[in-house]
Each structure stands twice: as C-alpha cells, then as structure tokens.
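**Q** Let me see the structure of the following:
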Amino acid sequence: MYFSYSIIGKLQLREEQSRIDQALKNSQSKNIWANPENKLLQDRPDNPDKFNIIDSSIKGYKIISDTKVNQSTVQIGDIIAIANNNTQEIGIICRISQLTGHKLELGIKLLALESELSYISLPNHDSIYAWAIFLPGIKALDSADSLLFNDSKFQPSEFVNLHRANIEPVACRLNKLLHLSSAATHIELFNSKVMQ
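**A** Below is the predicted model of the structure:
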C-alpha cells in the first residue's frame, strides 16, 4: 500500500511563513478566510514521497521508504504530514533504521489524525501573530488539542487567541511544550471549548 507524505523542514516552514506573512500584509480584507484569492498553501510546490506502510495503529505507523525513489532526507524529530483520504495526519519521526542500501524503516508517532491551518495572536493585539497548524486531540489516546508553529514570539503558559477558518477566535492558553525542534514548536492547548 503506497501513500504520500511531506517532510516539513525548517527551511520550508520559514519560506512558507514568509510567503504567508507577505500575503497577509498585502491583503486588504480583515477576514482572511473569506478571501478567495488567498491560495497560500495551494501555491507551494509539493512533491510528496511514496512509501510502504508495514504496520499501523492509532499511535502511529511503521513505514519503509526507498531512498532511490524518494528524494527527501529524513532525520529523527522531523514532522511529517501523511495524506489519508481528504485529511493530513501529522506525525513525528521517532525512529530510523537502515534496512538495506536504499531502504529505511521509519517509526512515526502520530500527533493528530487531522490538521487545520490556523493562526494565533496575542489577546487585544491581532497584529502580533504566528501561523500555525491546529491539531485536534486524539480522543482514544486522551490527548489534548495542540498547535504546531515556528515562531519565538509565543511561549508556554501564554494566553493567545486561536483563529480558525469560519470559526470565531477562541481564547486559550499555550499549556505544555510537547516537542521542540528547529522546524517547529508543538504545544498543548488548554481550553475545553476549542473544538466547538
């Protein structure tokens, strides 16, 4: 069984952040979600890699990747998106084993079964913001909602407004740091009303 996945690296996130920041500054509309010309993610080149799933569970995947076919380099701590039907499952590479000269076995821990583009801002200061990926918690694992972002303006225990498409902004707290890498910060959200 073959699926596609994308590696979210620090360079890609910074380039994407720059393009998103510039598009937001150029936008005249206060409601960025209603702007039909806002095709920020659709414009980026996307060459997903192919891989073979060996084992899967609610907690993650064990996959085999062929480095002859896939041009992406991977390392422990990389955050990946796995296309599954119409959703993007988000995971982190926790283990890499070299099987043969060109085959890698990757252990992927799932962070969320779906994801959504969003942004966070300081309360009463919407001009101070960061684009993020909202990750709904996995109820079967009793995990909380969380955010992935690459911005040093926001730290754990800070109060922020979470802005999601077609939903009123929600005040929440950046609760606990879950993962930290050069590519992204993964922080648990504290607010029981986020998934309204």
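
**Q** Quick one: distance of the helix or strand hosting residue 92 to the chain centre.
**A** Under the criterion of DSSP states H and E, residue 92 resides in strand 87-98. Chain-centre distance of strand 87-98: 12 Å, with CA atoms, centre = their mean, to the nearest Å.

**Q** Check what contacts it and list those residues.
**A** 60-61, 74-83, 104-115, 133, 135, 148, 179, 186 (CB atoms under 8 Å, 6 or more residues apart in numbering). Where you see a C-beta, it was placed from the backbone N, CA and C, and this is true even at glycine.

**Q** Over to stretch 119-130?
**A** Stretch 119-130 is contacted from outside by 131-132, 147, 149-151, 153-154, 159-163, 169, 171, 174, using CB under 8 Å, 6+ apart.

**Q** quick one on the thing from earlier: in the helix or strand just after the strand holding residue 92, which residues are buried?
**A** Going down the chain from strand 87-98, the next helix or strand is strand 103-112, by DSSP H and E. Using 16 or more other CB atoms under 10 Å as the test for burial, strand 103-112 gives 104, 106, 107, 108, 110, 111, 112.

**Q** can you check stretch 81-96 too?
**A** By neighbour count on 16+ other CB under 10 Å, the buried set for stretch 81-96 is 81, 82, 88, 89, 90, 91, 92, 93.

**Q** From those residues, pick the one nearest residue 69.
**A** Among those, residue 82 lies closest to residue 69 (CB to CB), at 16.6 Å.

**Q** Packing partners of whatever helix or strand the closest one lives in?
**A** Assigned by DSSP H and E, residue 82 belongs to strand 79-84. Applying 3 or more CB pairs under 8 Å, 6 or more residues apart in numbering; DSSP states H and E, one finds that strand 79-84 contacts strand 2-8, strand 87-98, strand 103-112.

**Q** how about a cut-off of 7 Å?
**A** strand 2-8, strand 87-98 (3 or more CB pairs under 7 Å, 6 or more residues apart in numbering; DSSP states H and E).

**Q** Which parts of the chain are strands?
**A** For the chain, applying DSSP state E gives strands covering 2-8, 49-56, 60-66, 79-84, 87-98, 103-112, 116-122, 125-135, 146-149, 159-164, 167-180, 185-190.
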